[in-house]
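[1] I'd like to go over a predicted model; first the sequence, then the structure.
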Amino acid sequence: MSDESPAPQKDEIPQAVAREHGKRSFPFVWIIPIVALLVGGWIALKQVLEQGPTITIQFNSAEGIDAGKTKIRHKAVEIGIVKSVKLSQDNKAAVVTAEMDRHSASAFLREDSQFWVVRPRIAGGQISGLTTLLAGSYIGAEPGKSGTEQRTFTGLETPPAITSDIPGTQYVLLADNLGSLDVNSPVYYRGVLAGRVVSTDLAPDGKIVQVGVYVHKPFDRFVNEETRFWNESGVDLSLDATGLKVETESLLSMLVGGIAFETPADLAGAATAANAKFTLFDSRSLAMKPRDTVIQPVIMKFAQSVRGLTVGAPLDFRGITAGEVRHIDLEYDPVNVRFLIVVEANIYPDRLRSRYRDPARRALPELTPAQRLQRFVEHGFRAQLRSANLITGQQYVALDFFPKAPRASAPVRDGVPELPTVAGGFGELQESLQNLASKLEKVPFDKLGDDLHNALKSLDATLKKADALFGQIQTDVAPELRATLEQARKTLGSAERVLGSDSPLQGDLRDSLLEVTKAAESLRALTDYLERHPESLLRGKQSGETKK
Amino acid sequence: MSASALSKGLFVCEVCDLPNRPLDTHCHCARCGANLHARIPASIARGWAFLAAAAILYIPANLLPILRTGTVFGQDRSDTIMSGVVHLWETGSAGLALIVFIASVVVPGLKIVSLSYLLTTAQRRSVLAPHRRAHVYRATHWIGRWSMTDIYVGGTLVALVHLGPFANIEPGPGAIPFGAVVVLTMLATMSFDPRLIWDPLDRRHE
């Protein structure tokens, strides 16, 4: 069986079993790559279609912005992602390229869209962006309203205080000084939060600060042409002719500052448009002062010191503030070789005019304020410096009629009438004090001293008599002592005789007398001193040399 | 060397290795009942089909993020395989980065390349370096089971890290193409009949 025949093996190998169903004609396996192609193509198409527009934003600093990580958000909804952060060509800014979400991008591709980096910040009593402390910064976005499309933006350094979803009106306030105001500082209307400061800018000439405020919807209808805005920052401590005044606002505005507005109740102004300009006053009292339309400038010349008179000091007419001091200057009068203080002031004649004037008295001739002033002066209308506060030395100018004053006129120079003055107030007081001093000098203090000396002499004599009396009294009021002495005298009869003159009682008595003598001596010294310095009775003992 | 069962007119059952004398029509194994063919039918065509699908999906698998992680601070990040590798490398886990890179990028890529090499040579009935090709096939077959590690780890993380607002991991759109690439390359490897490497040699010897 060396022949290797396959036949017996083939018998061992089993016969395959026939299968019923036929051969598949279609290669179904190719469905798989087709499906894969469709899926891949669909994914690719989706990627291309969802590719949003790319924008570039310039920031001063790209602090906290990471390419591929930092998101652009609006109302905390992600609307884009930063793709790259580069320096601008002039190396002065950071240029952030970001891809926006395709569906929401269109509203943000406007000329006036705003972008800013959200970082933790504290402003206007609000802490914002706290989540960015841990999660990193993001770029905030605010859609624009302009119809012009734009893809290059300059990022804001501070977040805008107003967002499109809060209706309201913006106004511009003009102030000399920004004080503690800042973007986001609150704006109050009668203590209710009514808006926020949205911008603080210096006017182009650098002399005025322009503060943009945004007043929210229901409150902006309380703003009209007569509305007054004032700075509510902190504590307003003022010391003027009316005394010390402390005004404080809410604790928050004390800390962070704020603006308040109000319209004087008796004034109904016309409605204002957005971005209307108002003056920002320093305090409520300044803001709510009646506004004077007629201003009559006057000058006054004072011969006495105007120490304590400040610019802004009132011109008081019988308790009514009729004007205020604008300027204080010095003038040399070469004829009389003296200096005069020239005080320029504004008088507001309208404040002196009654609102309830009787129409029947209209017969008076209509005079210009200057002419009326002239008429007043002829009837004794004068200005006088008066002390408003003895402690602080504040002075004010009082206007009044002095019928006994010498006749004067109000010469007009450069259209400004000069109001004649009368001495008074503190100057008058000083004069009368001087008179008092000279009268006091005439008092005969020397003679008074002699009289006093005589009186003291008799006092001395009286005291001596009192000495004797004292001895008598002592024996009278000490009967027990006498009894003891008698007892002692009885017991020590012989000893008393020996030591008679040295008895303890006599010794005591002698000591007492010595004391009294000393007292008399010091009284004499006092009288001597008073003789030399009689005024010490009034002024007390002076250590230095005394005036004769 | 050339003693293949086919050359003796026999079909070897692919399941129980029993040699069968074939019929002219389609037939079953006499022992286990599995379908009998001389070679895996349409092996090269199916191999190509699976490979093409895998190659197509390899692109989105690598370009789309496969994992999205969110933390309590809202710092979401979504990583593609490559950005994950770069992130790992930059944060100091160079070893881990290398493992991920090899298992997720190099291995699937190599599988596609090696399979297309095997399929091309088998299709052209090449007789060149059959041993090397056999090694390549075995290596491809062996490594197939390991290329699932990434998607497996990702799937485990997604299932485990669901801490609500504190930390969250979600599969990204790239996860499905990535998994599909792994499965499709394995299917392509399975559909390729390694005996095709040797058949041209038999034919030449006859």
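    Yep, that arrived. Just so it is clear, the model here is predicted, and its values are computed rather than measured.
[2] could you check the pLDDT of residue 134?
    No chain in the question, so chain A it is. pLDDT, A:L134: 70.
[3] not quite, I wanted chain B
    90.
[4] show me what A:N346 is bridged to.
    A:P297, A:E324 (DSSP bridges).
[5] C-terminal to the helix or strand containing A:R382, what's the next element?
    Using DSSP states H and E, A:R382 sits in strand A:381-389. As assigned by DSSP H and E, the chain's next helix or strand after strand A:381-389 is strand A:394-401.
[6] mind exporting the C-alpha coordinates of that following strand to PDB?
    C-alpha atoms of strand A:394-401 as PDB (Å, rounded to 0.1, in the frame of the first residue of the first chain):
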ATOM      1  CA  GLN A 394     -18.800 134.300  59.300                       C
ATOM      2  CA  GLN A 395     -20.100 137.500  57.800                       C
ATOM      3  CA  TYR A 396     -22.800 138.400  55.400                       C
ATOM      4  CA  VAL A 397     -23.900 141.600  53.700                       C
ATOM      5  CA  ALA A 398     -27.200 142.900  55.100                       C
ATOM      6  CA  LEU A 399     -29.300 145.200  52.900                       C
ATOM      7  CA  ASP A 400     -31.600 147.500  54.600                       C
ATOM      8  CA  PHE A 401     -33.000 151.000  54.700                       C
END
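[7] now do it: which elements does it pack against?
    Contact here means 3 or more CB pairs under 8 Å, 6 or more residues apart in numbering or on different chains; DSSP states H and E; on that basis strand A:394-401 packs against strand A:314-317, strand A:320-333, strand A:338-347, strand A:381-389. For the C-beta atoms, the positions are set from N, CA and C on the backbone; glycine is no exception.
[8] neighbouring strands of it in the sheet, and parallel or not?
    strand A:314-317 (parallel), strand A:381-389 (antiparallel).
[9] would you turn those strands into CSV with mean neighbour count and distance to A:S305?
    Shown next, in CSV, are the strands paired with strand A:394-401 (neighbours: other CB atoms under 10 Å in any protein chain shown; distance: least, CB to CB, whole Å):
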stretch, mean neighbour count, distance to A:S305
strand A:314-317, 20, 18
strand A:381-389, 21, 9
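[10] export these to JSON lines and tack on mean pLDDT?
    What follows is the strands paired with strand A:394-401, written out as JSON lines (pLDDT from 0 to 100):
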{"stretch": "strand A:314-317", "mean pLDDT": "86"}
{"stretch": "strand A:381-389", "mean pLDDT": "82"}
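[11] pipe these into a markdown table and attach distance to B:V107 per row.
    Compiled in a markdown table, the strands paired with strand A:394-401 are given as follows (distance: least, CB to CB, whole Å):
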| stretch | distance to B:V107 |
| --- | --- |
| strand A:314-317 | 94 |
| strand A:381-389 | 95 |
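[12] nearest to A:Q487, of the ones you listed?
    Nearest to A:Q487, of all the strands paired with strand A:394-401, is strand A:381-389, at 77.7 Å by CB to CB.
[13] name the residues that touch the closest one?
    Outside strand A:381-389, the residues that touch it by CB atoms under 8 Å, 6 or more residues apart in numbering or on different chains are A:241-243, A:300, A:302, A:304, A:306, A:308-309, A:315-316, A:373, A:393-402, A:405, A:408, A:419-427, A:429.
[14] with only the CA atoms kept, save the strand holding A:R382 in PDB.
    Extracted C-alpha coordinates of strand A:381-389, given in PDB (Å, rounded to 0.1, in the frame of the first residue of the first chain):
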ATOM      1  CA  PHE A 381     -31.000 151.700  51.100                       C
ATOM      2  CA  ARG A 382     -27.500 150.700  52.300                       C
ATOM      3  CA  ALA A 383     -25.300 147.600  52.500                       C
ATOM      4  CA  GLN A 384     -23.800 146.700  55.800                       C
ATOM      5  CA  LEU A 385     -21.400 144.000  56.900                       C
ATOM      6  CA  ARG A 386     -22.900 141.900  59.700                       C
ATOM      7  CA  SER A 387     -21.600 139.000  61.700                       C
ATOM      8  CA  ALA A 388     -23.600 135.900  61.100                       C
ATOM      9  CA  ASN A 389     -21.900 133.700  63.600                       C
END
